[in-house]
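Engineer: Give me a 3D structure for the following:
(one chain, ligands or ions: 1)
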Amino acid sequence: MKIKKLEGIIPSVNYHLWEPCNMRCKFCFATFQDAKIILPKGHLPKEESLELVREIAAIGFKKITFAGGEPTLCPWISELIKEAKKNGLTTMLVTNGTKINEDFFTANHDYLDWIILSIDSLDDETNFKSGRAITGKKTLSVENYKKIIDDIKNFNYKLKINTVIHHFNYKESMLDFIKYAKPERWKVFQVLPMKGENDDFIDDFKISKEQFEEFLIRHQSLKEEGIMVSENNNEMMDSYTMIDPSGRFFTNKKGFQEYSEPILKIGIKSAYKQLNYNYEKFQKRGGLYNWDNKKINYKK
Ligand code: SF4
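Structural biologist: Coordinates of the predicted model:
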């Protein structure tokens, strides 16, 4: 089927292709249990997922971010990345870092542009309390994270780091670590309550706008250097174009996840239009930036 480009489309989309994750972050808002109502396995089969990627490119998105769950647990993740690149998209992958290794870096080198590493704290106890640990038990140490970052750079991927700020880490400093990592972009989020996704524990994690600001002020120099960008709860709501593992657009504008009908059933254009995405909010939160797909040679 030939799909015409859609005028005025938000150019970037997060495809949460996969719900399973090997970490147990208690504030996670990407649990997608209701995708299983649509599809018993909770995600699209490989061929449909590839078709979805083709349609994402055809309608006019410019950048795709593969997310989960933990997307590297999906056996066909490299095929999806390759398909996206073949269809002209800038490609990004959000990962907790536990499954990326030399084989992964080599296999995806020509197709994946950015690796986005989720790191919330360098303190084992904080990560343990928040559940950012393999099966909720084994945390990654600072040395582990530094090694992953060194490898990402040795393979010349562009590096972005995502950090969620919550009750257990808002008093910490990541200044020295971020200076070591030198990511292209460090995105700092205020932990986001999402009804139906993280209700069980969110009260233990929520922080006020002032507490969030306190963390940002401690890292102000990184903002001045153009590395740190931040998003509070208000900025995060209704500013992302997202697709769930069962292949539906969704939005969080009302504080819970609201879905379109399945994209492959009603067509990507109709599904996109069902959610009235807010281009202005996307722009205001700095969603448009220089993400072009040239790899960086860090060794220069
Ligand atoms: S690593 Fe990401 S997807 Fe996995 S539990 Fe933590 S926040 Fe959720």
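
Engineer: How about the residues of the protein by the ligand?
Structural biologist: 21, 23, 24, 25, 28, 30, 68, 69, 70, 96, 118, 132 (C-beta under 6 Å from any ligand atom). For the C-beta atoms, the positions are set from N, CA and C on the backbone; glycine is no exception.

Engineer: For residue 275, give its distance to residue 108.
Structural biologist: With distances defined as C-beta to C-beta, to the nearest Å, the gap from residue 275 to residue 108 amounts to 30 Å.

Engineer: cool, and residue 160?
Structural biologist: From residue 160 to residue 108 the distance is 16 Å (C-beta to C-beta).

Engineer: same deal with residue 158?
Structural biologist: Computed as C-beta to C-beta, the residue 158 to residue 108 distance reads 13 Å.

Engineer: One more: residue 64?
Structural biologist: Taking C-beta to C-beta as the criterion, residue 64 is separated from residue 108 by 14 Å.

Engineer: Could you give the residue of the stretch 51-200 of the chain that lies closest to the ligand?
Structural biologist: Using C-beta to the nearest ligand atom, the single residue of the stretch 51-200 of the chain nearest to the ligand is residue 96, 3.9 Å away.

Engineer: Between residue 64 and residue 108, point out the one with more neighbours.
Structural biologist: Relative neighbour count places residue 64 above the other of residue 64 and residue 108, with 25 against 22, counting by other C-beta atoms under 10 Å.

Engineer: ok, residue 91 to residue 278 distance?
Structural biologist: The value you get for residue 91 to residue 278, if C-beta to C-beta is used, is 24 Å.

Engineer: now swap in residue 184 and tell me
Structural biologist: For residue 184, the distance to residue 278 - C-beta to C-beta - is 26 Å.

Engineer: hmm, back to that, any of the residues of the chain next to the ligand buried? List them.
Structural biologist: Among the residues of the chain next to the ligand, those scoring as buried are 21, 23, 25, 28, 30, 68, 69, 70, 96, 118, 132 (criterion: 16 or more other C-beta atoms under 10 Å).

Engineer: May I have the secondary structure class of the fourth one?
Structural biologist: Think residue 28. At residue 28, secondary structure determined by DSSP: H, G, I helix; E, B strand; the rest coil is coil.

Engineer: next one: residue 149
Structural biologist: Secondary structure of residue 149, reduced to three states by three-state DSSP: helix.

Engineer: Contact partners for it?
Structural biologist: Residue 149 sits next to 117, 159, 180, 181 when contact means C-beta atoms under 8 Å, 6 or more residues apart in numbering.

Engineer: State the number of residues packed around the last one.
Structural biologist: The local packing count at residue 181 equals 21, with neighbours defined by other C-beta under 10 Å.

Engineer: Just the pLDDT at the closest residue to residue 134 other than its chain neighbours, thanks.
Structural biologist: Excluding the flanking residues, the one nearest residue 134 by C-beta to C-beta, 6 or more residues apart in numbering is residue 22, at 5.4 Å. Per-residue confidence at residue 22 stands at 97 (pLDDT).

Engineer: shaky segments in the stretch 201-300 of the chain?
Structural biologist: Per-residue confidence for the stretch 201-300 of the chain (pLDDT under 70) gives these ranges: 293-300.

Engineer: let's see it at 90
Structural biologist: Across the stretch 201-300 of the chain, the stretches falling below the confidence threshold (pLDDT under 90) are 233-240, 252-257, 276-300.

Engineer: now the helices for it?
Structural biologist: Under the criterion DSSP state H, counting those that start in this stretch, the stretch 201-300 of the chain carries helices at the ranges 202-205, 209-218, 220-224, 233-236, 263-266, 268-273, 279-284.

Engineer: so how far is the second one from its chain's centroid?
Structural biologist: Spelled out, it's helix 209-218. Centroid separation between helix 209-218 and its chain, computed with C-alpha atoms, centre = their mean, to the nearest Å, is 22 Å.

Engineer: Also the fifth one?
Structural biologist: Taking C-alpha atoms, centre = their mean, the mean C-alpha location of helix 263-266 is offset from the chain mean by 23 Å.

Engineer: Which other helices and strands does it contact?
Structural biologist: Counting contacts by 3 or more C-beta pairs under 8 Å, 6 or more residues apart in numbering; DSSP states H and E, the secondary-structure elements packed against helix 263-266 are helix 46-59.

Engineer: And the helix it packs on, what's buried?
Structural biologist: Judged by neighbour count using 16+ other C-beta under 10 Å, the buried positions of helix 46-59 are 48, 49, 50, 51, 52, 53, 54, 55, 56, 57, 58, 59.

Engineer: now the fourth one, nearest residue through space, not along the chain?
Structural biologist: It refers to residue 51. residue 264 (6.5 Å).
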